[in-house]
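# Predicted model, plus sequence, below.
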Amino acid sequence: MAEQTPTPEESAVPYATFRVTEVVSVSVSLPETHAMVQLSESEAPYRVLGFPVGLAEGAALAGAMEGSEGVRPTTHELFAEILARTGVEVIALRLTSREAGVLRAEIDLMGPRGREIVECRPSDGLVLCHRQLVTAPVLVAEDLFDSEG
């Protein structure tokens, strides 16, 4: 049986306070096998949230931030193009919680059928935010800044 798509009211973290952030770096420190993404609050106190992503996802994010496009579309480029052609915009990415060390995220979409919220990996959401004509905001639940690890 197919899982029902949660309504916006069911998806959003209840009573959470979110902070607007921006990607300040995507880096790889050898010999690590992952990239590190760092988000910083856009307003004081300018806390930073860092988390690992796969090397491919880190490269995709760096490319999206630079606005580069491959000779053939990557998966993220293809998906962003499909969203655009069907009239669906990424409204925001929310990093909502950390469960068993895994950072949880949801992407907020608006299209002809209305608003949809879809769970996603933070790395995929970040790439899609940066593949929009205007970069969609990245919101981080306040308590994530205090619960790194």
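Here it is on my side, so go on.
# Return the residues in contact with residue 41.
With contact taken as CB atoms under 8 Å, 6 or more residues apart in numbering, residue 41 is in contact with 19-21, 47-48, 140, 145. (C-beta placed from N, C-alpha, C; glycine too.)
# typo on my end, it should be residue 97
Residues counted as contacts of residue 97 (CB under 8 Å, 6+ apart) are 13, 103-104, 141, 144.
# What residues sit buried inside stretch 51-62?
Along stretch 51-62, these residues count as buried under the neighbour rule (16 or more other CB atoms under 10 Å): 51, 53, 57-62.
# Out of the residues you listed, the closest to residue 30 would be?
Minimum distance to residue 30 across those is 13.1 Å, recorded for residue 58 (CB to CB).
# Could you find the closest non-adjacent residue to that closest one?
Leaving out its chain neighbours, the residue that sits closest to residue 58 by CB to CB, 6 or more residues apart in numbering is residue 35, at 2.6 Å.
# Surely that neighbour is in contact with residue 50?
No: with contact defined as CB atoms under 8 Å, residue 35 does not count as touching residue 50 (10.7 Å).
# rewinding a little: what's the residue nearest to residue 58 in contact with, if anything?
If you count contacts by CB under 8 Å, 6+ apart, residue 35 has them with 26-28, 52-55, 57-59, 61.
# Present those residues as CSV; the columns should include secondary structure and distance to residue 88.
Listed next are the contacts of residue 35 as CSV, based on DSSP: H, G, I helix; E, B strand; the rest coil; distance: CB to CB, whole Å:
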residue, secondary structure, distance to residue 88
26, strand, 25
27, strand, 31
28, coil, 32
52, strand, 29
53, strand, 24
54, coil, 25
55, helix, 28
57, helix, 21
58, helix, 25
59, helix, 25
61, helix, 20
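# could you dump the residues you listed to TSV with pLDDT?
Below are the contacts of residue 35 laid out as TSV (pLDDT from 0 to 100):
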residue	pLDDT
26	97
27	96
28	92
52	96
53	96
54	95
55	94
57	95
58	95
59	94
61	96
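# Can you spell out which helices and strands pack onto the helix or strand containing residue 23?
Residue 23 belongs to strand 18-27 when elements are defined using DSSP states H and E. Counting contacts by 3 or more CB pairs under 8 Å, 6 or more residues apart in numbering; DSSP states H and E, strand 18-27 is packed against strand 35-41, helix 55-66, strand 138-141.
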